[in-house]
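Colleague: this one's structure only:
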């Protein structure tokens, strides 16, 4: 909002400058950004440059005012794509600050989502500001050619103590700022903030400081960072492109006098600013505050306004700090980001469980305009989306292919055994894996994950095992310090156990110069949603032989040691997972073998299907229970009475076959059950002629004769989702049904008006996809309603 003219660099006093905080944690009191404090400090240290900086600032403001009203700005809003080459300089001393390539890729993903209104949390923007959400059409690409013409991945690792300083003097090896956006990553920011950038007017006068410096804990959302700080770089790039904080040119939000200053943007409401909170009803200067703005300090930043986008367009079309040079085609060619040269993609998460959705991200280099995906066992099996979300119903490791195209090029890639889909009811116990029949990694049971994308990873080794040829090897000799690799298991069904035991053998050698390489074992009870540490060793405690200074492999059983991890009841679920994490500190190779999972079976049988209380079961439903060990037989009962004393009682014996639950001893196929009737069932073991206690009693109800039986279907069971969301294109409604039905799909705007109605949609048993023509909607919030019988299910949809 244009409220008061100001001089950015003339606003401060020494008292505001040196009241700056010194915290470096994700807390509400933590200073998010130090841009204006650094601007003032630079002015104090270089008084001879102040006049020139202020003249540069005024010239850019004048240009912005003219550009904002120009036809050229209208063209920018409607069509232009601005591509900016980026380099990350990772300042490190081999500590956690030496973040992975994956963390950098994650940061680039988030920045591009934020600047193109694709961020998943955009749908949370309140209705008052939906209509002014800005889509920048600005794309940031990691440079592929460095200033010397050499190939690069856009990540420059620099070992230096400057990582513990984090100021302008720490901006080592700057790549020409008229060709690259330079981002330095450090362990410490000297000012005590999360990050800071210089405004174009200052960088124009003194290019050596141009760029952004950011704490490693605020880069992306993974690795050393977290979800809470993931928009930090988007905020700093805003400063780099001449955006102010919504309250004006200070680093002090919450001050009442901020109502008298402004950010030079017409559609951002005047505000005193927010620090670390999220009061969506906040009114601080006579109107509702846009605290969800990326340039605020709130804990719920979600958006840019179109006015802010226009201001950044002006900067990108100005000569100030050579921002106009960044996106010119000649520069894109010279930095290697102009041409479509490689099809590539990544998974947001390297594994999922059955009946879950995998999120794929196109990372083709660069400028693809169309995408053709193929997903082995996916649903759908093909997609033309750039960021498809694919539902998987089949466990195992599956291939994924992508063909990316633009007007002049087509490139393709296939990643074999790329995604691990774990069964929702895991592998039975006992589990014995000596890798004697394994031929490759990944496979249906083990997946190596290499977040750094380097040449060092968990692989299958066919010749170095403990008592046979096969084992798993972590290729570590020559690896970079402080890198991390992971090895994920399939899921295991440990629910029939009362106690469990995870054992494995390992072999490892240090080198004479290595640090404390470490191996960790984690367990998850919910298919990898949460992980708990269970075992670890590092340094000399991990070593099983003396130091080896050339690439090493075990040559005898004496080179190996064993580990045993006990699992109490809290780890005994149907979808327990394990993962090994290896942290490199310059040691030699690591080997794993003889991974076994055993335990003590309960004396009480565990039921599996139909789950307790299920309705709409078929007349010939198959009763299934968990396999056990150390027993002679299973006895089952099925009745219409929970006391199992009616004339309809069915009972039988199944002689034990094996631990494998896929045998016929763990199921009973019913027949001719009564429609609409509720049945009760239970199972018990016989051990050496002694009947054990009965299992819990479960019930299920048979489907009504001729009825669709939908009243008990829950949204969770239907796996109802709308994607992509938010969107400015067509979107897809996905739902999974236990039987074929006719449904009605209706889309309403927030005022209750019908935007679209599909009155008779034929849905089949299994997963269904319904296209919603949201590309024809006006920007805003909509409700998608699915009506099946007398039940209704809704999802929120945001169109921008």
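Modeller: Thanks, I have the structure now. As the structure is a computational prediction, the values presented were derived from the model and not from experiment.
Colleague: Shouldn't residue 623 be within a strand?
Modeller: Yes: the assignment for residue 623 (DSSP: H, G, I helix; E, B strand; the rest coil) places it in a strand.
Colleague: give me every residue that touches the nearest residue to it once chain neighbours are set aside.
Modeller: Excluding the flanking residues, the one nearest residue 623 by CB to CB, 6 or more residues apart in numbering is residue 668, at 4.5 Å. Every residue, glycine included, has its C-beta placed from N, CA and C. Residue 668 makes contact with 622, 623, 636, 638, 652, 654 under the criterion CB atoms under 8 Å, 6 or more residues apart in numbering.
Colleague: buried subset of those residues?
Modeller: Neighbour counting by 16 or more other CB atoms under 10 Å classes 623, 636, 638, 654 among the contacts of residue 668 as buried.
Colleague: if we can go back for a sec, what about the residue nearest to residue 623, helix or strand, and which?
Modeller: In the assignment (DSSP states H and E), residue 668 maps to strand 667-669.
Colleague: who does the nearest residue to residue 380 once chain neighbours are set aside bridge with?
Modeller: Once flanking residues are discounted, residue 380 sits nearest to residue 769: 6.3 Å by CB to CB, 6+ apart. Taking DSSP bridges as the rule, residue 769 bridges to residue 734.
Colleague: okay, now residue 769: neighbour count?
Modeller: Look at residue 769: counted by other CB atoms under 10 Å, it has 13 neighbours.
Colleague: what's the spacing between it and residue 747?
Modeller: Counting by CB to CB, to the nearest Å, the separation of residue 769 from residue 747 is 16 Å.
Colleague: swap in residue 470?
Modeller: Residue 470 is 55 Å from residue 747, by CB to CB.
Colleague: okay, these two: which has more neighbours?
Modeller: Shown here are residue 470 and residue 747; by other CB under 10 Å, residue 747 has more neighbours (24 against 19).
Colleague: Beta-bridge partners for the more buried one, please?
Modeller: Note on residue 747: beta-bridge partners by DSSP bridges are residue 756, residue 784.
Colleague: That one reaches residue 782, doesn't it?
Modeller: Yes: Residue 747 is in contact with residue 782 according to CB atoms under 8 Å; the separation is 5.3 Å.
Colleague: intersection of neighbour lists for those two?
Modeller: By CB under 8 Å, 6+ apart, residue 747 and residue 782 have these common neighbours: 755, 774, 797.
Colleague: neighbours of the second one, just the number please.
Modeller: Residue 774 has 24 neighbours, counted by other CB under 10 Å.
Colleague: In this structure, what residue spans correspond to helices?
Modeller: Per DSSP state H, the chain carries helices over the ranges 14-17, 35-45, 50-68, 71-78, 101-115, 200-205, 232-240, 306-316, 323-326, 329-334, 539-542, 715-718.
Colleague: Pipe these into CSV and attach mean pLDDT, distance to residue 482 and mean neighbour count per row.
Modeller: Formatted as CSV, these follow (pLDDT from 0 to 100; distance: least, CB to CB, whole Å; neighbours: other CB atoms under 10 Å):
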stretch, mean pLDDT, distance to residue 482, mean neighbour count
helix 14-17, 30, 35, 12
helix 35-45, 93, 29, 21
helix 50-68, 95, 39, 17
helix 71-78, 59, 42, 14
helix 101-115, 93, 12, 23
helix 200-205, 97, 32, 24
helix 232-240, 97, 22, 26
helix 306-316, 95, 36, 24
helix 323-326, 97, 32, 20
helix 329-334, 95, 32, 15
helix 539-542, 96, 14, 14
helix 715-718, 65, 41, 14
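Colleague: all strands for the stretch 301-450 of the chain, in order.
Modeller: Ranges of strands within the stretch 301-450 of the chain are 345-347, 351-353, 356-362, 370-375, 378-379, 382-383, 389-392, 396-405, 410-422, 431-433, 446-449, based on DSSP state E, counting those that start in this stretch.
Colleague: Which one, of these, ends up nearest to residue 32?
Modeller: strand 356-362 (26.6 Å; CB to CB).
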